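Student: need coordinates for the below:
(one chain, ligands or ions: 1)
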Amino acid sequence: MASVALPLPCAAHSLLFQPRAGRAIQQPVTTGYSVHRCSGRAAQRRAQSIDGRGAHVPHGGTSPRSVWALLLELADGRCWVLLGFGLLLVGSSKTVGFLAPFAMRKAVNFLSRCDLQGLTWLLIFAALKGLSQALNNSKTAPQAFIARPMGRRLAQRLLAKLLALDLQFHALRRTGEVLRKLERPPRAVDTLLRALLFTLVPIAYESTVVFFLLLSKAGIDVAVTVLCTVVTYFLFTSWMSVGWVARARKKENRFDDAQASEANDALLNCESVRLMTAAPRVLRRFDRFWWQLQQGQISSDLAATVLAGGQQAITALGMGVALLLVARRVVTGSASVGDVPMVQGLISQLWAPLQFLGFYIRQARQALVDLEEARALLSSKRSPLELAEAAERPTQSEELVALHNLPPCTEGCPLVEFRDVWFRYERGLPWVLQGLSFCIQPGEFFVIVGPSGSGKSSLGRLVPRLFDACEGSVLFNGVDVRHVTLGDLRERLAVVPQDVVVFNASLRQNLSMARPKATTEEMTEAIRASGLEKALLSGSSGLTMQSVVGERGLRLSGGERQRLSFARALLRAPDTELLILDEATSALDAETGQFLLQSLQELRQGGGRTPAILAITHQLQMAKEADQVLVLQEGKVKERGSHEELLQKGGAYCDLLKAAGEKAKLDE
Ligand SMILES: Nc1ncnc2c1ncn2[C@@H]1O[C@H](COP(=O)(O)OP(=O)(O)OP(=O)(O)O)[C@@H](O)[C@H]1O
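Tutor: Take a look at the predicted model:
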């Protein structure tokens, strides 16, 4: 027994869930951690990456199962209760709505006989219509209470994932595009819920009921006419939605991302843009993306107009034929006059939501695309593996056991050990570190020097697991860093990165980011030890602890930013076992650099357990103070020993000193 509703869910399924690309191109994409096989569509989209720049933010096809799985993860018990309540409200609204045309039929039949009971039925009709509308409107509350928290949870998970993604992703990302990917999926949850559960499902229910009501009350010819109209309407809407409208929407999205990225890049680098007088070029690119966006929008609007026109023509024709059939019955006496408004009322009730079918199908499809993108991002393996995954990973040595927490430092065990470490950023790129082996002892001052590009910073990134070694292992307290939780590992470290990152917040907030529980005294001490006191708090620069330092710390000088970063590391230092300094004094004058060195010595001489220091530097003055110096060249250990030992050797270290003009000074 065919029903009007039957074609709807099945076709809706194929309409909403665009199948993944049929034939996979099987293009391997290396991520540094795993090699993913790309489907044809994914590869195509990658190729579409506007201008070849930017990190690949995963785009999705629409895979219903994975999207549903994601939605199920986001929903809690309350959501299910509210969903049931919401559907009950919509169902009741529709059911009450079905009764209204029957009330109108009675009213017209009574009034055609000049019976005043007709007035009562008119009032009942109005009440039923009002109640149906009120019930329908009240679905908004449960809808909002389901969608908003789910959207919030999704946004939180996406941001957490983005923060955890490996540095390679962030090195290549286009911030504007990534922000869009963060913004759209939470909205998509709301849209999908609204479109699918609270619109398309009720339409299916309504169509089924109206078909049977017409079949029993108006005859098979009217019912079949309505059925044919609905099917034609649906096919036309599907054809338009999948083709022209969908293509226009995709184009619109792509260039919307592109213009947002362009604006974001230009604003972030506005200083360089101005200095290079690149504003006209930036504006041209920006305008080109907007022009393409505008083409997509115009195409989208045209498609929507043609769609709406076609839909209106189909429904008007269907309504006309159905009413003619009923009118013929009234004339032949096999139906009452009241049957005409009844049939008109039932069909109108069906037509009303159908008008929005195309809109909702498009919305639902777009929401599915956005959610699939979110799911692809969430399941991306582009982050150092956390413990649960690490346990599943085939270990290179059977003695390595997955641990939840790092054991405390043990007597005689090196704090950090590099064991034959090989590393490169991506497959196909040259090796940056080639078979490195060395140890750092607890409390040791360990300095790494070497020419630019020799792999010093890369080495420093392997300890906190910003990247993982490709071969060999990095051990912390005797345990492979891949076998401990990231949080536990990073709690033991304080890092001053080469590129200082400062938040657009007050100085105090920037400091407390490093250690939220730090007291004012501890912060003041860190500011003193980092040499910031004179520059900032004396009032010469006008900055205080409450001063906002500006986007990426633009209100601070390069040296001040570096000292702020140093102060943050010093704040963390007492709770940590290793302080990593990557070119921490590169932007400082000789006097301030010396002051920081003294602060480090103070830290080391402070009572109790002092952290070891791993300093990566070009400033060989620092190497003089070190317990151990390692000279790195082309990713290999060239020399190793104390400053004096290396001087005596007269090898690569001495060459570096000579090149820096330090040798003569030291000889004097
Ligand atoms: N994210 C990255 N992706 C690909 N290659 C990278 C990346 N970061 C660095 N490299 C490459 O790795 C090599 C080593 O870089 P690294 O920053 O470790 O050198 P470095 O010794 O610290 O240099 P410097 O003293 O100039 O800071 C360089 O050739 C660099 O181009």
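Student: what separation is there between Val502 and Ala126?
Tutor: Distance, Val502 to Ala126, by Cβ to Cβ, to the nearest Å: 65 Å. Bear in mind the C-beta positions are built from the backbone N, C-alpha and C, glycine included.
Student: phi, psi of Glu645?
Tutor: Dihedral pair for Glu645: phi -60, psi -40, per degrees, to the nearest 10.
Student: same question for Trp422.
Tutor: When read as degrees, to the nearest 10, the backbone of Trp422 gives phi -120, psi 140.
Student: now do the same contact list for it.
Tutor: Applying Cβ atoms under 8 Å, 6 or more residues apart in numbering, we find Trp422 in contact with Trp431, Leu433, Gln434, Gly435, Leu436, Ala469, Cys470, Glu471, Gly472.
Student: so how far is Ile314 from Phe234?
Tutor: Phe234 sits 10 Å away from Ile314, going by Cβ to Cβ.
Student: residue of the stretch 101-250 of the chain closest to the ligand, please.
Tutor: Nearest residue of the stretch 101-250 of the chain to the ligand (Cβ to the nearest ligand atom) works out as Ala171 at 4.3 Å.
Student: among the contacts of Trp422, which one sits closest to the ligand?
Tutor: Each of these was scored against the ligand by Cβ to the nearest ligand atom, and Leu433 proved nearest at 8.3 Å.
Student: just checking, Arg184 touches Glu372?
Tutor: No - contact criterion Cβ atoms under 8 Å: Arg184 and Glu372 do not qualify, at 11.2 Å.
Student: of those two, who's got more company?
Tutor: Counted by other Cβ atoms under 10 Å, Arg184 and Glu372 do not tie: Glu372 has more neighbours, with 25 against 21.
Student: tell me the SS of that one?
Tutor: Secondary structure, DSSP: H, G, I helix; E, B strand; the rest coil: Glu372 is helix.
Student: name the helix or strand for Val637, please.
Tutor: strand 636-641 (DSSP states H and E).
Student: buried ones in that strand, by neighbour count?
Tutor: Val637, Lys638, Glu639, Arg640, Gly641 (16 or more other Cβ atoms under 10 Å).
Student: try stretch 87-103
Tutor: For stretch 87-103, burial by neighbour count (16+ other Cβ under 10 Å) applies to 87, 89-94, 96-98, 100-103.
Student: could I get the buried residues of strand 636-641 as JSON lines with distance to the ligand?
Tutor: Formatted as JSON lines, those follow (distance: Cβ to the nearest ligand atom, whole Å):
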{"residue": "Val637", "distance to the ligand": "13"}
{"residue": "Lys638", "distance to the ligand": "12"}
{"residue": "Glu639", "distance to the ligand": "15"}
{"residue": "Arg640", "distance to the ligand": "16"}
{"residue": "Gly641", "distance to the ligand": "20"}
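Student: ranges for the helices of the stretch 51-200 of the chain?
Tutor: Counting by DSSP state H, counting those that start in this stretch, the stretch 51-200 of the chain has these helices, from start to end: 64-74, 77-112, 117-137, 140-164, 167-172, 175-192.
Student: which of these sits most buried?
Tutor: helix 175-192 (a mean of 21; mean count of other Cβ atoms under 10 Å).
Student: what's downstream of that one, the next helix or strand?
Tutor: As assigned by DSSP H and E, the chain's next helix or strand after helix 175-192 is helix 201-217.
Student: quick one: distance of that following helix to the chain centre.
Tutor: Taking Cα atoms, centre = their mean, to the nearest Å, one finds the center of helix 201-217 at 42 Å from the center of the full chain.
Student: now for that helix, which elements pack on it?
Tutor: helix 7-16, helix 77-112, helix 220-240, helix 339-354 (3 or more Cβ pairs under 8 Å, 6 or more residues apart in numbering; DSSP states H and E).
Student: dump those to TSV, plus mean pLDDT and distance to Phe286.
Tutor: What follows is the helices and strands packed on helix 201-217, written out as TSV (pLDDT from 0 to 100; distance: least, Cβ to Cβ, whole Å):
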stretch	mean pLDDT	distance to Phe286
helix 7-16	42	34
helix 77-112	89	41
helix 220-240	86	32
helix 339-354	84	40
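Student: redo those helices as TSV? Include distance to the ligand.
Tutor: Shown next, in TSV, are the helices and strands packed on helix 201-217 (distance: least, Cβ to the nearest ligand atom, whole Å):
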stretch	distance to the ligand
helix 7-16	39
helix 77-112	41
helix 220-240	45
helix 339-354	52
